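Peer 1: Everything below, folded, please.
(one chain, ligands or ions: 1)
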Amino acid sequence: MIDLYSDTKTKPTAAMRAAMAAAEVGDDHFGEDPTVQALQDFLAEKLGKEAALFLPSATMANQIALKVHTQPGDSVICHELCHIRLFEGGTPAVLSGVMLDVVTGERGVFTGDQVRAAIRPSGPYFPPTRLVCVENTHNFCGGAVWTMAELDDVVVAVREAGLKLHLDGSRLFNAAVTLGGVEGAWAMAQRLVRDFDTVTVCLTKGLGAPIGALLLGTKEPIEVARRWKHAIGGAMRQSGIVAAGGLYALQHHLPQLALDHENAQILAQGLAEIPGLKLSPWPETNLVFVDIAGTGLSGDAFKARLKAQGVVCSGSGSRPRFVTHLGVGRAEISEALTVIRAVCS
Ligand SMILES: Cc1ncc(COP(=O)(O)O)c(C=O)c1O
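Peer 2: Coordinates of the predicted model:
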């Protein structure tokens with residue numbers, strides 16, 4: 001089976017499992033797990049943030065960030081197709097009681113002027129706008145990478161208005177490797193998160209760890225986040241076992257992301273040559289969306305036929321998604337293309 005469903009399908013490597021097996025652990029409820037501490041300290045230092053908090057998932061990190069920055073009845077500005085809005089179970093309404101004011105934009109990117117226009121007027125009729133959320137890379141918009149100029153434009157508008165700024169950087173390192181190369185990835189990642197009050201980083205996507213994400217920021221919001229981590233059951237006792245996998249991933253797997261991006265380009269080139277297929281959009285990182293309308297097949301039929309021949313992809317409607325990751329090498333990419341060609345012919 002060639003599984004291109006998601007980069008979340010990655011399994012821990014033997015070396016990662018060895019690091020996990022050897023991890024020193026303690027009770028993280030009491031801040032006594034040295035490996036969780038080491039992971040938090042490592043990432044906070046590398047990203048230039050004061051504090052970091054290890055959490056079970058990026059969904060929890062995002063939703064705790066919303067909780068930290070808002071009060072019930074507040075408004076949060078985000079892109080209409082962001083993960084926080086589409087795929088996190090309506091939790092902004094449940095946990096934080098906030099409303100989402102959406103902005104649009106190609107590639108999941110919006111402008112400072114769009115933020116200014118979406119800020120609610122003050123006065124008793126309106127929900128106070130408190131927070132702006134950015135997603136980088138942007139999953140549903142094709143793994144798109146915000147340029148520094150695009151980010152800076154939003155930061156200016158957010159600061160002018162005295163709002164808070166959260167980054168869903170679940171795939172932050174895909175953006176950092178794209179803009180800075182493997183050698184410059186850490187410096188680039190630090191620059192990409194510099195102006196955000198809180199940042200989510202996920203360990204279980206292209207980085208390949210089995211469990212976990214971190215929320216980073218200054219000490220104050222992260223202390224409030226710690227309370228919510230406990231309150232909603234996100235505190236995990238001897239979680240150094242899994243934190244060790246995350247630490248290993250951050251220290252060893254950034255070069256893999258560059259390979260994933262190369263494989264995505266090879267896959268995209270091959271797909272673009274198949275009659276009836278159109279890249280939608282052209283991939284910038286490891287997420288490859290393809291418009292299959294020209295084949296006459298429904299999305300479900302396309303996916304079912306691929307699966308019957310051993311290739312798995314995800315996505316909805318006539319826009320399936322293929323994701324490259326450390327479990328899929330160059331040979332599997334060309335094998336997958338052979339199958340896709342046959343299915344489309
Ligand atoms: C952009 C983005 N944010 C957040 C998440 C949630 O991650 P998790 O599965 O760790 O909750 C995902 C998952 O795919 C994602 O793509």
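Peer 1: Name the nearest residue to the residue of the stretch 151-300 of the chain found nearest the ligand, ignoring sequence neighbours.
Peer 2: In the stretch 151-300 of the chain, the residue that lies nearest the ligand is residue 170 (3.7 Å; C-beta to the nearest ligand atom). Using the backbone N, CA and C atoms, a C-beta is placed for each residue, glycine as well. Once flanking residues are discounted, residue 170 sits nearest to residue 202: 3.9 Å by C-beta to C-beta, 6 or more residues apart in numbering.
Peer 1: Backbone dihedrals for the one you found, please?
Peer 2: phi -100, psi 140 (degrees, to the nearest 10).
Peer 1: Which parts of the chain are helices?
Peer 2: Counting by DSSP state H, the chain has helices at residues 14-21, 34-47, 58-69, 83-86, 91, 112-118, 148-160, 172-180, 185-193, 219-231, 240-252, 254-272, 299-308, 330-344.
Peer 1: So which bits of this protein are right by the ligand?
Peer 2: Within the chain, the positions near the ligand by C-beta under 6 Å from any ligand atom are 8, 57-59, 62, 83, 135, 139, 168, 170, 202, 204, 213.
Peer 1: neighbours of the residue lying closest to residue 80 once chain neighbours are set aside, just the number please.
Peer 2: Of all residues not flanking residue 80 in the chain, residue 102 sits nearest, at 4.0 Å (C-beta to C-beta, 6+ apart). By other C-beta atoms under 10 Å, the residues close to residue 102 number 14.
Peer 1: who touches residue 102 in this structure?
Peer 2: Listed by C-beta atoms under 8 Å, 6 or more residues apart in numbering, the contact partners of residue 102 are 77, 78, 79, 80, 85.
Peer 1: So, low pLDDT: which residues of the stretch 1-150 of the chain?
Peer 2: Within the stretch 1-150 of the chain, no range satisfies pLDDT under 70.
Peer 1: can you list the domain ranges for the protein.
Peer 2: Using automatic domain parsing, the domain parsing of the chain gives 2-6+254-344, 11-252.
Peer 1: Export the helices of the chain as TSV, with columns for mean neighbour count.
Peer 2: Supplementary listing: the helices of the chain in TSV, determined by neighbours: other C-beta atoms under 10 Å:
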stretch	mean neighbour count
helix 14-21	15
helix 34-47	20
helix 58-69	26
helix 83-86	18
helix 91	17
helix 112-118	17
helix 148-160	17
helix 172-180	25
helix 185-193	20
helix 219-231	17
helix 240-252	24
helix 254-272	19
helix 299-308	16
helix 330-344	17
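Peer 1: Present those as a markdown table; the columns should include distance to residue 289.
Peer 2: Listed next are those as a markdown table, based on distance: least, C-beta to C-beta, whole Å:
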| stretch | distance to residue 289 |
| --- | --- |
| helix 14-21 | 29 |
| helix 34-47 | 29 |
| helix 58-69 | 20 |
| helix 83-86 | 15 |
| helix 91 | 25 |
| helix 112-118 | 23 |
| helix 148-160 | 20 |
| helix 172-180 | 15 |
| helix 185-193 | 23 |
| helix 219-231 | 33 |
| helix 240-252 | 25 |
| helix 254-272 | 10 |
| helix 299-308 | 11 |
| helix 330-344 | 14 |
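Peer 1: Could you pull up the residues touching the residue nearest to residue 170?
Peer 2: Taking C-beta under 8 Å, 6+ apart, one finds 57, 58, 61, 169, 170, 171, 212, 213 in contact with residue 202.
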